[in-house]
Structure formats: C-alpha cells, structure tokens
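J.: Below: sequence and its predicted model.
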Amino acid sequence: MSKRDYYTVLEVSRTATEAELKKSYRRLAMKYHPDRNPDDHEAEDKFKEAKEAYEVLTDEQKRAIYDQSGHEGLAARGGSGNGFGAGDAFSDIFGDVFGDIFGASRRGGRQQVFRGADLRYDLELDLEQAVFGHEASVEFTTLGECEPCKGSGAAPGSKVTSCETCHGSGQVRMQQGFFAVQQACPRCKGRGQVITQPCDSCLGQGRIRRKKTLSVKVPQGVDNGDRIRLSGEGEAGRNGGPAGDLYVEIRVREHPIFERDGSHLSCEVPVSFATAALGGTVEVPTLGGNVELKVPSETQSGRVFRLREKGVKPVRGGATGDLFCRIVVETPVNLTDEQRDLLRQFDATMRTSAHNHSPRERTWLDGVKRFFETIRS
C-alpha cells in the first residue's frame, strides 16, 4: 500500500510551522497511542504513521527533499523516516507528561529544562535580491537570557532553595488509572528550586524581552515561502535549556516587469505595428542586462519568444531557467491628421485583398457567419 502524504497524515497545510506540526502531532499521538488503544492494530499503525511524518517534516533537510520529490526522493536518499524507537519524536514532545514511561526517570532527579520557542521573521526582498543573493539585517524582539542573574531568576548574591513539593526534581507524579502521569511541579514550575529573592531585572523569570539584530545571508535563487534557519537565535531556554531557532521566511515583492514561475521568468514586450509587420529588433531587459530580440516579419500579438538561461538558477540546484517574452503589438495613439490620412489610405489598400493580408480576421468572420446560420436554422 502506498504511503499517504505526510501533510495529510498530520492534518496540516504544506506551509505549517514547526510549532503547528508539533501541536498536531501531539494531538494525534495522544489519540492513537498503543497504551490508550490496546490490541487496536489500526490505531497502532496510525500512531507510527504520524511519528514518521513528524520526524521528516521537522527535519529541515528531509522536508526540503520531501517537498521536492515526495516519498520516492526520501527513499532514494536514505531518509524515509522509518525506524522509529519509543524514545524519539514521541518522548521529545511528551517527556514532561509521561516521564516514567519514556525515560524521564533517568534524569536522576535534576530539574526540568525547557527549550526556547522558535521564532519566525518575514523578510521581504526585491526579485533581484532573491535571484542573486543578498545580505540583510533583520531586527526582531525575543526573550533573551537575563544578564544580571545569568538566567537563574534569582537576584545576584541571593540563595536559591530546593523545592519542598517535588524535592528538587521539578516534577510531581500523579496516578490516573493505568497511566503514571508525571508533570511539572505546580509550585516551582518545573525548576526544582524556589527563588526567595527574585531578580529585579527579570522579576524571577530568568529571561527578559529585548531587541536583537542579526545579519542574514540569503542564498541565490530563493523564492516565496523558502525558509532560512538560524540555529539558536530564537527565544532563550529556561532552566538552562537550549535556545530555539529563528526561521527567516522569504517574501519576494512584485516586480514591475518580470513575473516568476519557479526558475522561469516572463515579461511582456511591446512592439510597434510597423516592427511587428516588417520585422526588426527590440531591446529586451533581463536580470543580467539588456539583450536584443529579433522579431520576424508578420509577428502577431501574443507570440512568445524563449530566451534560454535568462531566468533563475534554483537555490536547491538544477538548470538555470528561461525568460519568456510575450509580444504585445501596440496601437499608436495621439496621431496627427497627416498620420490618420496615411493610415486610412493604407487601410483602403488592405481591404482590396483582405483575405491575403488578414487571414485571422477572415477566419473569425467566417466563424461568426456560421454561428448565426446555425442559430437561424
């Protein structure tokens, strides 16, 4: 049986953030966990399927391969997401709730640590910056470690006492039916310690909100929706936990000339009536500079010319795209009396043998005639 789409399995959109993936996976894992569904093989299969999808989509490299090539691409690169153990994705998310089951009891009574939250920053770029790469400065607000107390939450020089409720473990155990539930201590909030004199700067939180500025190197060829991960640049962790990551999501501004479709670009090229009829050359802009485009005689409006390798080189590798130029024959405006007379004379000569000079018009008129004849009959 073929595998289901990972995004469908987790019931999320293809643009879901890591926090959204985690939330959805936690809900499904709670629903289908084997301990809650004994002897239910269908639930067990759904539990394993959700774990596999979560592991792939929260790994930036695997997710990129999957988005581009699907299950076949992962299998070809040895990253199918199979081979889960009981202590991987599920224990990462539920270790604070089911500690005894998934190994939290092995922490030796140490206080709980919490990883900082991931952050997202939308970075707007011009098309040229996205195509050729760019170095941008981003400023955002985050929770960073409080410097006066070094993240402890206690005033410098004050003492921190062990929590009497959890005896310094940061967790309390509760029995709920066949579940042995272990959760954060309500008194010390999982710290394992009680602060008697909070830090004046962070008010005992250990973290303080501040502005942060980073330089981000944008690689060549990025497109709308691409994300750049800056490891450890998210919110600071708690109780000595690791910091989260910052995800910079690319937004490319609309360009006045070009439209982008993956690695290809397209644009409209206006030409005069005379050039379209007699042929000639027109100067066409590209992202690498202007080039000359040969327009053959009798070119009709809407004809598309392809300029090879004048598009975008994709950020994940591959051939450079092409530039597609769509001809738009421009009707002259603001004519002088002399020019109008000349056009009338020209039109009169055209009408004497219109079938030779305007084949499309004749075909269209014949079609209209047949249409009305059909209606009358």
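T.: Good, I have the coordinates.
J.: per-residue confidence at residue 258?
T.: Looking at residue 258, its pLDDT stands at 96.
J.: Let me know how buried it is, in neighbour terms.
T.: 20 (other CB atoms under 10 Å). C-beta: built from backbone N, CA, C; applies to glycine.
J.: pretty sure it is touching residue 264, no?
T.: No. The criterion here is CB atoms under 8 Å, and residue 258 misses it with residue 264 at 10.0 Å.
J.: which residues do these two both contact?
T.: residue 323 (CB atoms under 8 Å, 6 or more residues apart in numbering).
J.: all helices for the stretch 1-150 of the chain, in order.
T.: Remark: helices assigned in the stretch 1-150 of the chain by DSSP state H, counting those that start in this stretch are 6-10, 18-32, 41-57, 60-76, 89-94, 99-102, 127-132.
J.: can I get these in a markdown table with mean pLDDT?
T.: As requested, the helices of the stretch 1-150 of the chain are exported to a markdown table (pLDDT from 0 to 100):
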| stretch | mean pLDDT |
| --- | --- |
| helix 6-10 | 91 |
| helix 18-32 | 87 |
| helix 41-57 | 89 |
| helix 60-76 | 82 |
| helix 89-94 | 48 |
| helix 99-102 | 36 |
| helix 127-132 | 95 |
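J.: Let's have the ones you listed in a markdown table, adding mean neighbour count and distance to residue 297.
T.: Output for these, formatted as a markdown table (neighbours: other CB atoms under 10 Å; distance: least, CB to CB, whole Å):
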| stretch | mean neighbour count | distance to residue 297 |
| --- | --- | --- |
| helix 6-10 | 19 | 52 |
| helix 18-32 | 17 | 57 |
| helix 41-57 | 19 | 55 |
| helix 60-76 | 15 | 43 |
| helix 89-94 | 18 | 65 |
| helix 99-102 | 19 | 76 |
| helix 127-132 | 20 | 33 |
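J.: looking at the ones you listed, which is closest to residue 202?
T.: Taking CB to CB, helix 18-32 is the member of the helices of the stretch 1-150 of the chain nearest to residue 202, at 23.7 Å.
J.: so the closest one versus helix 60-76, what angle?
T.: Orientation check (axes from the mean of the first three to the mean of the last three CA atoms, to 10 degrees): helix 18-32 against helix 60-76 gives 60 degrees.
J.: ok, how many other residues are close to the closest residue to residue 134 other than its chain neighbours?
T.: Residue nearest to residue 134 in three dimensions, not counting chain neighbours: residue 218, with 4.4 Å by CB to CB, 6 or more residues apart in numbering. By other CB under 10 Å, 20 other residues sit near residue 218.
J.: With residue 200 instead?
T.: So residue 200, with other CB under 10 Å, has 12 neighbours.
J.: same question, residue 158
T.: Other residues near residue 158 number 13, with proximity taken as other CB under 10 Å.
J.: just checking, it touches residue 194?
T.: No. Residue 158 is not in contact with residue 194 according to CB under 8 Å; the separation is 11.4 Å.
J.: List the residues that contact the residue nearest to residue 134.
T.: Residue 218 neighbours (CB under 8 Å, 6+ apart): 123, 125, 129, 130, 133, 134, 135, 136, 228, 250.
J.: between the residues you listed, which has the most around it?
T.: Neighbour counts for the contacts of residue 218 (other CB under 10 Å) peak at residue 130, which has 27 neighbours.
J.: Quick one: end-to-end distance for stretch 181-189.
T.: 16 Å (CA to CA, to the nearest Å).
J.: Over to stretch 254-272?
T.: 27 Å.
J.: And stretch 324-344, by the same measure?
T.: 35 Å.
J.: outside of it, which residues touch it?
T.: Under the criterion CB under 8 Å, 6+ apart, residues 264-273, 276, 284, 293, 295, 299-307 lie in contact with stretch 324-344.
J.: Sort out for me which of these are in strands.
T.: Residues of the contacts of stretch 324-344 located in strands (DSSP state E): 264-272, 284, 293, 295, 304-307.
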